[in-house]
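Colleague: Fold the following and give me the result.
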Amino acid sequence: MDPCPLATASFVDGLRSVVEALVVALSWPIITYFLVLNTSFLALIVLGWSSSYRDRRRAHLEGAEHLLSSGRVAGISLVVPSYNEEVGIVESIQALLALTYPEVEVVVVNDGSSDRTLQILIERFSLIRVEPQTHGAITTRVEPTATYIPRDGRGGLLVVDKPNSGRSDAINVGINHASKDLVAFVDADSVLEANALLAVVQPFLDDPLRCIGSGGSIRPINHCVVDRGRVLEVRMSPKYLPRIQAVEYIRAYVLGRQGWARAHALLLISGAFGVFRRDVVLSAGGLDSYCIGEDLELVTRLHALHRRSGTPYSVGFVAEPTNWTEVPPTISVLARQRRRWHRGLWEVLWKHRRMCLNPRYGRIGMVAIPYYWLFEMIAPLLEVIGMIVVPLGLALGVVPWQYAVLFILVAYTYGFFVSLAAIVIDTIHFRRYRRGKDIRRAVTAVIAENFGYRQMTAVWRLQGWWAALRGKTAVWGVMSRQGFGGSSTSDEGS
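Modeller: Just a heads-up that it's a prediction; the model follows:
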């Protein structure tokens, strides 16, 4: 008798037993989990929309001109960490220097670039070397080697050169050299809208004694028409990878974070666009240069410090104007980004684990951090389990087809309508994408997100988590840039 069929049958029986046990243990918890997850997304989106609607009405009443002439706005130092940014650095810095704001200082920190980033800055802005003048004492991993200012001494630009030591350490160096009351972190691959600073400081004006930080929204710039550091026309990319990310950013970085701010439980101000009181950041010791999720860690630490000391404080967010940033154009770059993000999330949550479900930390400890543990940290694990167990269970006959349909409805179809709601709100309320072609592209991206993209990102996030648990050395990796000046005006594809 051939032993192979017997061995195969034995393996299938064993596999069926394992899958059946998993189905019995996890089937309804997984359904409940995704139901609550998508409902929480929807609640944050609606809450964010209501808050944005209120802020927009007030902005129309007050206006930028009133703020410019009021004398109430504090000076801002824009810290721009730069590593191998020769493609778009000039356009980015030109845009920052041209921002509509009474008092702006741009501190570019060249983090040991191996390309011509520093040389291009020196040539294009006529920089000369000067003696450094520091205004802070944050401990940094390396010391700057040179500082530069424009030859005519005007323009509010300061360039600091240093050996490579990572983005967080570069920002800390920039904070030490900054001189204004407020400090903002802006990525070199980003373009701020002209009145973005006037908008993002509004929480400081609303609550001048307590506000310690304010975040702004982030949107992809890929395939937008850009000239001289200004977004002339907003377009949805014809390529699926950037446009799916555009949907993600609308859902999470525009409306989602606005919802968290409205609930007074905002835990993350994006490192690509955030403003803080400089004295608060200095007293906290700056960014943790050994944590790969440094933006999340800083805000979480500031919450913890103020809660423990009993000092009244607030953290704000504005949904518009926005900061336009280049998102990963390829799967390999996107995979590195998502692994890094999830690893950073794990590091921060584990570092501040004592805050979780601790009433001493208010809504942050009782709502925000548990939410991040349950619906951000664990979500990819349950999604991967579901997308393996459900099809396998169907094939082995241990999962009823009715359950498979219910799983798809709750995990994917419900998620599709949540994302669609975000697109509808964004289209009606913010009107960033005005062409019918762009709106159709956004809707097709919402559909396409569920067919491969979500599954890939879930796997990548698990890989980042696993790398952290194994203690593997964290690396930022290389982000391929296409540059703003090269933003195409062609518009092929659908």
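Colleague: If I follow the layout properly, Gly393 ends up in contact with Ser17?
Modeller: No: counting by Cβ atoms under 8 Å, Gly393 sits too far from Ser17 to count as a contact (11.7 Å). Just so you know, the C-beta spots here come from the backbone N, C-alpha and C atoms, and that holds for glycine as well.
Colleague: So which elements touch the strand or helix carrying Glu297?
Modeller: Element membership of Glu297, judged by DSSP states H and E, is helix 294-309. Packing partners of helix 294-309 (3 or more Cβ pairs under 8 Å, 6 or more residues apart in numbering; DSSP states H and E): helix 167-177, strand 211-220, strand 273-277, strand 314-325, helix 331-351.
Colleague: That one vs strand 211-220, what angle?
Modeller: 160 degrees (axes from the mean of the first three to the mean of the last three Cα atoms, to 10 degrees).
Colleague: List the buried residues for helix 294-309?
Modeller: Within helix 294-309, the residues that count as buried by 16 or more other Cβ atoms under 10 Å are 294-307.
Colleague: Show me where the stretch 51-200 of the chain has its strands.
Modeller: 76-82, 104-111, 127-130, 146-150, 157-162, 182-186, 190-192 (DSSP state E, counting those that start in this stretch).
Colleague: Partner strands of the last one and their direction?
Modeller: Within its sheet, strand 190-192 is paired with strand 314-325 (antiparallel), according to DSSP bridges.
Colleague: The longest one too?
Modeller: Note on strand 104-111: by DSSP bridges, its sheet partners are strand 76-82 (parallel), strand 157-162 (parallel).
Colleague: cool, and the fourth one?
Modeller: Based on DSSP bridges, the strands next to strand 146-150 in the sheet, each with its direction, are strand 127-130 (antiparallel), strand 157-162 (antiparallel).
Colleague: Would you point to the one among those that's packed deepest?
Modeller: strand 157-162 (a mean of 22; mean count of other Cβ atoms under 10 Å).
Colleague: and that one, average pLDDT?
Modeller: Computed over strand 157-162, the mean pLDDT rounds to 96.
Colleague: right, so of the strands paired with strand 146-150, which gets closest to Leu268?
Modeller: With Cβ to Cβ as the measure, strand 157-162 is the member of those nearest Leu268 (26.6 Å).
Colleague: Residues contacting that closest one, please?
Modeller: With contact meaning Cβ atoms under 8 Å, 6 or more residues apart in numbering, strand 157-162 is reached by 93, 97, 105-112, 118, 121-122, 125, 127, 132, 142-150, 170, 173-174, 177.
Colleague: Rebuild the strands paired with strand 146-150 as TSV, extending it with distance to Arg72.
Modeller: Compiled in TSV, the strands paired with strand 146-150 are given as follows (distance: least, Cβ to Cβ, whole Å):
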stretch	distance to Arg72
strand 127-130	32
strand 157-162	25
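Colleague: mind checking which of these is nearest Met377?
Modeller: Across the strands paired with strand 146-150, closest to Met377 is strand 157-162 (Cβ to Cβ), at 33.5 Å.
Colleague: now the closest one and helix 167-177, what's the angle there?
Modeller: 130 degrees.
Colleague: Look up how far Glu91 lies from the residue lying closest to Ala95 once chain neighbours are set aside.
Modeller: Nearest residue to Ala95, sequence neighbours excluded (Cβ to Cβ, 6 or more residues apart in numbering): Gly229, at 2.9 Å. To Glu91, Gly229 is 4 Å away according to Cβ to Cβ, to the nearest Å.
Colleague: just Leu15 next, same as before
Modeller: Taking Cβ to Cβ, one finds Leu15 at 56 Å from Glu91.
Colleague: In terms of neighbours, single out the busier of the two.
Modeller: Neighbours per residue (other Cβ atoms under 10 Å) separate Leu15 from Glu91, with Glu91 holding more: 21 against 14.
Colleague: Wait, the residue nearest to Ala95 touches Ala98, no?
Modeller: Yes: judged on Cβ under 8 Å, Gly229 makes contact with Ala98 at a distance of 6.9 Å.
Colleague: So the most centrally placed residue in the chain, which state does it fall into?
Modeller: With distances taken as Cα atoms, centre = their mean, Ser270 lies nearest the centre of the chain, 4.7 Å away. Three-state assignment for Ser270 (DSSP: H, G, I helix; E, B strand; the rest coil): coil.
Colleague: who's in contact with the closest residue to it other than its chain neighbours?
Modeller: Leaving aside its sequence neighbours, Ser270 sits nearest to Ile218 (Cβ to Cβ, 6+ apart; 5.5 Å). Listed by Cβ under 8 Å, 6+ apart, the contact set of Ile218 reads Tyr249, Tyr253, Val254, Ser270, Ala272, Phe273, Thr322, Asn323, Trp324, Thr325.
Colleague: which among those residues gets closest to Leu42?
Modeller: Closest to Leu42, out of all of these and judged by Cβ to Cβ, is Val254, at 14.7 Å.
Colleague: Which positions are bridged to the nearest residue to the closest one once chain neighbours are set aside in the beta structure?
Modeller: Leaving aside its sequence neighbours, Val254 sits nearest to Ser217 (Cβ to Cβ, 6+ apart; 4.5 Å). Legend: beta-bridge partners of Ser217 under DSSP bridges are Thr322.
Colleague: Low-confidence stretches in this protein?
Modeller: 1-7, 54-71, 474-494 (pLDDT under 70).
Colleague: at 50 instead, please
Modeller: Within the chain, the ranges that satisfy pLDDT under 50 run 1, 61, 485-490, 492-494.
Colleague: how close does the nearest residue to Val299 once chain neighbours are set aside get to His303?
Modeller: Leaving aside its sequence neighbours, Val299 sits nearest to Ile269 (Cβ to Cβ, 6+ apart; 5.2 Å). According to Cβ to Cβ, Ile269 and His303 sit 11 Å apart.
Colleague: Common neighbours of these two, please.
Modeller: Val315.
Colleague: Find out how far the helix ranked longest in the chain is from the centre of the chain, if you would.
Modeller: Taking DSSP state H as the criterion, the chain has its longest helix at helix 3-62. Offset of helix 3-62 from its chain centre (Cα atoms, centre = their mean, to the nearest Å): 22 Å.
Colleague: And it, what does it pack against?
Modeller: Right, helix 3-62 is packed against helix 257-262, strand 314-325, helix 379-396, helix 401-408, helix 414-425 by 3+ Cβ pairs under 8 Å, 6+ apart.
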